[in-house]
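**Student:** Sequence below, structure please.
(one chain, ligands or ions: 1)
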Amino acid sequence: MTDDIHRCPLCSVPFKLEDVCADDITEGTCHAECLEGSPVVDLETGDEIPDGKISTYLYREVMEPRIFDESGKGAGFELTHEALVAALTIPPPQTHVALLDPHAQGLLAAQNNVIDGLMAENDRLRKMLAGCDWYWPEDDTSSEACADGPWQIAENCDVKPGDVFGYSRGGIVETRYYGFLDPAEDADSDDEFEADEPTREAAEAKIAAELQRRAALATTEGSDNG
Ligand SMILES: [Zn+2]
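**Tutor:** Here you go, the predicted model:
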């Protein structure tokens, strides 16, 4: 037999769960009925047991997997295919956020804020690194030694084939906007006034505000004097 159906090797009839079976020493599980009249032997010694009684069992006792219900008791074979699938299927997830209490929801929102911040920072750093596309010999980061890539350093420094050298990569880490004014007359020190801002608009606005402040100061002083 080449199919998957388990049959009695003696009569070739498929086993049913309620069949009474016995073991044949060479054929394995057979119908007890089919083995009737065969000599019964001691499995340890192989010796025939005169008037020996064949030991029998129900086919279901050995050939079907045991299925247990939640109580731990065997549910036997009454479980239908559908019940078995239901027992083995993980129920679809509930909407987890809806199940969170307000405190947990607050924690989750805070976590998401942190993640958003980190992602923005990561994005900023990635752009910064992309702008670092200049190269120097490891021990000379002067502007004269700056090159477009390690191959150019090898050329400039006359590196011999087979030699290994270190090189450093660098470049623009940040672009800011800078402007200055002569020290204000009312300043405590004689340092120049400086604007150093992340955007051109901010730097220009800071310079403009300082010029306006100085102009107002001059007018006030002028009227005081006049
Ligand atoms: Zn049989």
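**Student:** Can you tell me which residues in the protein are near the ion?
**Tutor:** Within the chain, the positions near the ion by CB under 5 Å from the ion are 8, 10, 11, 31, 34. In this view, the C-beta of every residue, glycine as well, is placed from N, C-alpha and C.
**Student:** Run through the chain and note the low-pLDDT ranges.
**Tutor:** 1-3, 43, 46, 63-100, 221-226 (pLDDT under 70).
**Student:** Show me how it divides into domains.
**Tutor:** 20-88, 104-170, 177-225 (automatic domain parsing).
**Student:** Dump those domains into JSON lines; add mean neighbour count as well.
**Tutor:** Listed next are the domains of the chain as JSON lines, based on neighbours: other CB atoms under 10 Å:
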{"stretch": "domain 20-88", "mean neighbour count": "12"}
{"stretch": "domain 104-170", "mean neighbour count": "12"}
{"stretch": "domain 177-225", "mean neighbour count": "12"}
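**Student:** Quick one: distance of the lengthiest helix in the chain to the chain centre.
**Tutor:** For the chain, the longest helix by residue count, based on DSSP state H, is helix 102-130. Its chain's C-alpha centre and that of helix 102-130 lie 17 Å apart, by CA atoms, centre = their mean, to the nearest Å.
**Student:** what's the answer for stretch 162-174, then?
**Tutor:** Stretch 162-174 sits 33 Å away from the centroid of its parent chain (CA atoms, centre = their mean).
**Student:** cool, and stretch 179-188?
**Tutor:** On CA atoms, centre = their mean, the centre of stretch 179-188 falls 55 Å from that of its chain.
**Student:** correct me, but residue 7 touches residue 15?
**Tutor:** Yes - the criterion here is CB atoms under 8 Å, and residue 7 meets it with residue 15 at 6.9 Å.
**Student:** follow-up on the earlier one: which ones among the residues of the chain next to the ion map onto strands?
**Tutor:** Counting by DSSP state E, the part of the residues of the chain next to the ion found in strands is residue 31.
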